[in-house]
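>>> Sequence and computational prediction follow.
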Amino acid sequence: KQEVTQIPAALSVPEGENLVLNCSFTDSAIYNLQWFRQDPGKGLTSLLLIQSSQREQTSGRLNASLDKSSGRSTLYIAASQPGDSATYLCAVNMNRDDKIIFGKGTRLHILP
Amino acid sequence: SQTIHQWPATLVQPVGSPLSLECTVEGTSNPNLYWYRQAAGRGLQLLFYSVGIGQISSEVPQNLSASRPQDRQFILSSKKLLLSDSGFYLCAWSVTGFSANYGYTFGSGTRLTVV
């Protein structure tokens, strides 16, 4: 059974710093991995989607990497800003009925 | 472009009252549709998913039900709400065979408080 873990559960970082959020999964036979952002009381916004054949994806200050063999993905945020404060969730798609499995998220707080 | 609408945004309902939350998708055909619940301090729990009209699969036994009367409409219902039904409900869609490129898209959510 696939399990997705995100560590740490919460993180506080001064503004301007680069940071890395981690996501690990137990079954490496994934179809793709998706990173989401969730602001308090809001829905999920898709940030980056990495297909199983890809190693990384970039969007602006965000870079997501995928290492299937080791069961890991990282989300790198460059030059963090207070507006980056949110909960970040990763989710893996096992291509079984197209359902995805979420981690519990990392709550990020950027200190002004 | 594809969009997903979910309403209402917030809802306060008394215990024992009925519930109907609606989700509609635009700009795509034959999507897979999902209802998730996010309880306070907990992760996202998949409640129902549907791969077509009238086809509903339940992930967990509960006081809720789902229906898909039209291709792009997904409804979450309850006949009698319980206090434990409180939470943040999210609708999402994906397209089989294309999720490698497009992933999941989520609605803005409904905050349900049962009092």
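Done, it's in.
>>> May I see the buried residues of stretch B:50-58?
Along stretch B:50-58, the positions that meet the burial threshold by neighbour count (16 or more other Cβ atoms under 10 Å in any protein chain shown) are B:Ser50, B:Ile56. No exception for glycine: its C-beta is placed from N, CA and C like everyone else's.
>>> does any part of that stretch sit near chain A?
Yes. Judged by Cβ under 8 Å from any Cβ of the partner chain, stretch B:50-58 and chain A are in contact via B:Val51, B:Ser57.
>>> who does A:Val4 bridge with?
The partner list for A:Val4 in beta bridges (DSSP bridges) reads A:Phe25.
>>> What's the local residue count around it?
Using other Cβ atoms under 10 Å in any protein chain shown as the criterion, A:Val4 is surrounded by 23 other residues.
>>> Would you confirm that it contacts A:Cys23?
Yes. Taking Cβ atoms under 8 Å as the contact criterion, A:Val4 and A:Cys23 are neighbours in contact, 6.6 Å apart.
>>> Find residues that contact each of the two.
With contacts defined as Cβ atoms under 8 Å, 6 or more residues apart in numbering or on different chains, the residues adjacent to both A:Val4 and A:Cys23 are A:Cys90, A:Gly103.
>>> so is A:Ala64 in a helix, a strand, or just coil?
The three-state label given to A:Ala64 by DSSP: H, G, I helix; E, B strand; the rest coil is strand.
>>> where's it relative to A:Leu33, distance?
8 Å (Cβ to Cβ, to the nearest Å).
>>> give me the low-pLDDT residue ranges for the chain?
With no chain named, the answer covers chain A. Under the criterion of pLDDT under 70, the regions of chain A flagged as low confidence span A:96-98.
>>> oops, chain B please
Within chain B, the stretches falling below the threshold (pLDDT under 70) are B:97-101.
>>> Who does the most centrally placed residue in it form a beta bridge with?
Relative to the mean C-alpha position of chain B, the nearest C-alpha, by Cα atoms, centre = their mean, is the one of B:Trp35, at 2.8 Å. Taking DSSP bridges as the rule, B:Trp35 bridges to B:Phe48, B:Cys91.
>>> wait, what's in contact with it?
With contact set as Cβ under 8 Å, 6+ apart, B:Trp35 has these partners: B:Cys23, B:Leu46, B:Leu47, B:Phe48, B:Tyr49, B:Ala66, B:Phe74, B:Leu76, B:Tyr89, B:Leu90, B:Cys91.
>>> returning to what we had before: between A:Ala64 and A:Leu33, which is the more surrounded one?
Residue environment comparison for A:Ala64 versus A:Leu33 gives the larger neighbour count to A:Leu33, 27 against 24, counting by other Cβ under 10 Å.
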